[in-house]
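Turn this into a model:
(3 chains)
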Amino acid sequence: MDAFYASVMLRDRPELRDVPVVIGGGHRGVVLAANYPARAFGVRSGMSGTDARRLCPQAVRLAPDYVDFEAVSRSVMETFRQVTPLVEAYSLDEAFLDVRAVRRSQGTPLQVAEWLRATIFDEQRITCSVGLAGTVSVAKLASRRAKPDGVLMVPPDRVVDYLHPLDVGELFGVGPKTRAKLLRIGLVTVGDVARIPLPTLQQMLGSATGRHLHELAWGTDRSTLTPRRSDDDPERSMGAEETFSRDTADPAVISRELLRLSGKVTARMRAAGLAGRTVAIRIRYSNFETITRSRSLPDPTDVSTVVHTEAVRLFTALGTQRRIRLVGVRVEGLRSRVGVDRQLALGERDRGWREADRAVDQAGRRFGRGTVRPATLIRSDRP
DNA sequence: TCTGGGGTCCTAGGACCC
DNA sequence: TCTGGGGTCCTAGGACCC
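Numbering: from 1, shown residues only, chains lettered A, B, ... in the order given. Next up, the predicted model:
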């Protein structure tokens, strides 16, 4: 989708369509999306709200409506699946489709692309762009170049000619750090990188990363898709984090926030039927220095108290008195909860907290999320 | 008043095991 | 007397993506 969040929010606000609009970027926040008029002022997603206001003070600022974004996303993904089941959802607003096998039933890739764009515009009143190519990363590059509201095809025999003049930073997976590293040894274009011997790249970037970059430079990365997370292939991790509106060094406040985040994460895990063994916390100090600490438990858990206790233990072990900007809780090593329940019951390590969680989940489903929560979270005096 | 929140994958070193 | 090679798991950090 083109400027997804902005496009969705402007569907029913035609009067804002031609003026600069920024989604997000409130207090301590970053820009989540900017419409094209705002981009003309240099506003980009990911930039701090402060910078965006400096570049374009007259922009209209809107708060994101994720409920709407998710609804549109579901509908768009459904449209994709009308073409083929081989859809790899990459984010809320982006997916890869393998259309090799649907030529007879649905038409050429170009025809499929135009059908998708027309259908999505009819149903959701937002525009999108399509890149067509033989591999995931080249298709991704092509779609970026097709924006806004366009289609670009890069046939296999034209891939190398297309890629090699580009700046390496354009490659899907090459960010500022890698680009700078390559620049330091005089590699500017994708062609420069392609001509470097593979072992040299691997020595510089590590074996897997080096190989991957080499593939990207020749347009030979993967062409098969992994359609969907399944029970055999669940999410690897789930986490929640939040930036305080004011930095704090108060351990009670931090512990309470860890409790809130642990509850949020484990609720999502329980809803997905997942449990995990490794609890990780993330701490960002006022100077933006960010660290993680993690510990693996003997058995997987989805119990909020177990995760919170471990999170607090990890934080306490830091022994820090520094002011903190952000805390986060993440559970890694997720697997299906099937078979985990019995093991926990035998150990009785969670002493009824599992049942408490279940009751909270049920109350939440019936009366709204957060209806029942730990008493310490009722007085909401987080800074 | 600079710098969100949700993820994935890779690297490197050390412990540990056969 | 001098100590291999292969593998897994754990932890911390980092790069990248939307």
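
So which residues of chain A form strands?
In chain A, the strands defined using DSSP state E lie at A:21-24, A:31-34, A:60-62, A:87-91, A:94-97, A:130-132, A:151-153, A:237-248, A:274-285, A:290-301, A:324-336.

can those strands go into TSV with extra columns for distance to A:Leu198 and mean pLDDT?
Quick note: C-beta positions are derived from backbone N, CA and C, even for glycine. Putting those into TSV (distance: least, C-beta to C-beta, whole Å; pLDDT from 0 to 100) gives the following:
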stretch	distance to A:Leu198	mean pLDDT
strand A:21-24	41	97
strand A:31-34	38	97
strand A:60-62	47	96
strand A:87-91	27	95
strand A:94-97	26	97
strand A:130-132	27	98
strand A:151-153	29	98
strand A:237-248	31	97
strand A:274-285	34	97
strand A:290-301	32	96
strand A:324-336	32	97
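
With mean neighbour count and distance to DNA strand B as extra columns, can I get the ones you listed in a markdown table?
A markdown table is the format used below for the strands of chain A (neighbours: other C-beta atoms under 10 Å; distance: least, C-beta to the nearest atom of the strand, whole Å):
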| stretch | mean neighbour count | distance to DNA strand B |
| --- | --- | --- |
| strand A:21-24 | 25 | 7 |
| strand A:31-34 | 25 | 5 |
| strand A:60-62 | 18 | 12 |
| strand A:87-91 | 15 | 7 |
| strand A:94-97 | 19 | 11 |
| strand A:130-132 | 22 | 20 |
| strand A:151-153 | 18 | 24 |
| strand A:237-248 | 16 | 3 |
| strand A:274-285 | 21 | 8 |
| strand A:290-301 | 15 | 9 |
| strand A:324-336 | 21 | 5 |
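
closest one to A:Val312 among those strands?
With C-beta to C-beta as the measure, strand A:274-285 is the member of those nearest A:Val312 (8.8 Å).

Does that closest one reach DNA strand C?
Yes. Applying C-beta under 7 Å from any atom of the strand, one finds strand A:274-285 touching DNA strand C at A:277-278, A:280.

Can you name the residue of chain A nearest to DNA strand B?
Proximity of chain A to DNA strand B (C-beta to the nearest atom of the strand) peaks at A:Gly206, 2.6 Å away.

Can you tell me which of the residues of strand A:274-285 next to DNA strand C is closest to A:Val338?
A:Arg277 (15.1 Å).

Now do the contacts for the closest one.
A:296-301, A:332-333 (C-beta atoms under 8 Å, 6 or more residues apart in numbering).

at 10 Å instead, please
A:295-301, A:331-335, A:340 (C-beta atoms under 10 Å, 6 or more residues apart in numbering).

what do you get for A:Cys128?
Counted by C-beta under 10 Å, 6+ apart, A:Cys128 has contacts A:1-2, A:4, A:7, A:76, A:79, A:93-94, A:113, A:116-117, A:120-121, A:143, A:146-151.

low pLDDT regions in chain A?
A:339-350, A:379-383 (pLDDT under 70).

Spell out which parts of it neighbour DNA strand B.
So far as C-beta under 7 Å from any atom of the strand goes, chain A lies against DNA strand B at A:27-30, A:32, A:45-46, A:48-51, A:91, A:205-210, A:212, A:235-243, A:264, A:268, A:287-288, A:325-326, A:328, A:330.

Try it again at 6 Å.
Contact residues (C-beta under 6 Å from any atom of the strand) of chain A with DNA strand B: A:28-30, A:32, A:46, A:48, A:50, A:206-209, A:235-243, A:288, A:326.

Report the separation between A:Val174 and A:His214.
Distance of A:Val174 to A:His214, given as C-beta to C-beta, to the nearest Å: 12 Å.

Pull up the overlap in contacts between these two.
A:Val193.

Could you find the closest non-adjacent residue to the closest residue to DNA strand C within the stretch 201-350 of chain A?
Proximity of the stretch 201-350 of chain A to DNA strand C (C-beta to the nearest atom of the strand) peaks at A:Ser296, 3.4 Å away. Spatial nearest neighbour of A:Ser296, excluding adjacent residues (C-beta to C-beta, 6 or more residues apart in numbering): A:Thr278 at 4.6 Å.

tell me the contacts of the closest residue to A:Ala311 other than its chain neighbours?
Spatially, and ignoring its direct neighbours in sequence, A:Ala311 is nearest to A:Leu258 (4.4 Å; C-beta to C-beta, 6+ apart). By C-beta under 10 Å, 6+ apart, the residues touching A:Leu258 are A:281, A:307-312, A:314-315, A:327-329.

same thing with A:Ala311?
Residues near A:Ala311 by C-beta under 10 Å, 6+ apart: A:254-255, A:257-259, A:261-262, A:265, A:279-281, A:293-295, A:327-331.

hey, C-alpha coordinates of stretch A:267-286 in CSV?
Coordinates of each C-alpha in stretch A:267-286 appear next as CSV, following Å, rounded to 0.1, in the frame of the first residue of the first chain:
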residue,chain,number,x,y,z
ALA,A,267,-2.1,-12.4,27.3
ARG,A,268,-1.1,-12.4,23.7
MET,A,269,0.8,-15.6,24.1
ARG,A,270,-2.2,-17.3,25.7
ALA,A,271,-4.5,-16.1,23.0
ALA,A,272,-2.1,-17.6,20.4
GLY,A,273,-1.7,-20.8,22.5
LEU,A,274,2.0,-20.3,22.9
ALA,A,275,4.5,-20.6,25.8
GLY,A,276,8.2,-19.6,25.9
ARG,A,277,11.2,-20.4,27.9
THR,A,278,13.4,-17.3,27.7
VAL,A,279,12.4,-14.0,29.3
ALA,A,280,14.3,-10.9,28.2
ILE,A,281,14.1,-7.4,29.3
ARG,A,282,15.2,-4.3,27.4
ILE,A,283,16.3,-1.1,29.1
ARG,A,284,16.9,2.2,27.4
TYR,A,285,18.7,4.8,29.5
SER,A,286,18.1,8.5,29.2
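
Nothing else from me, thank you.
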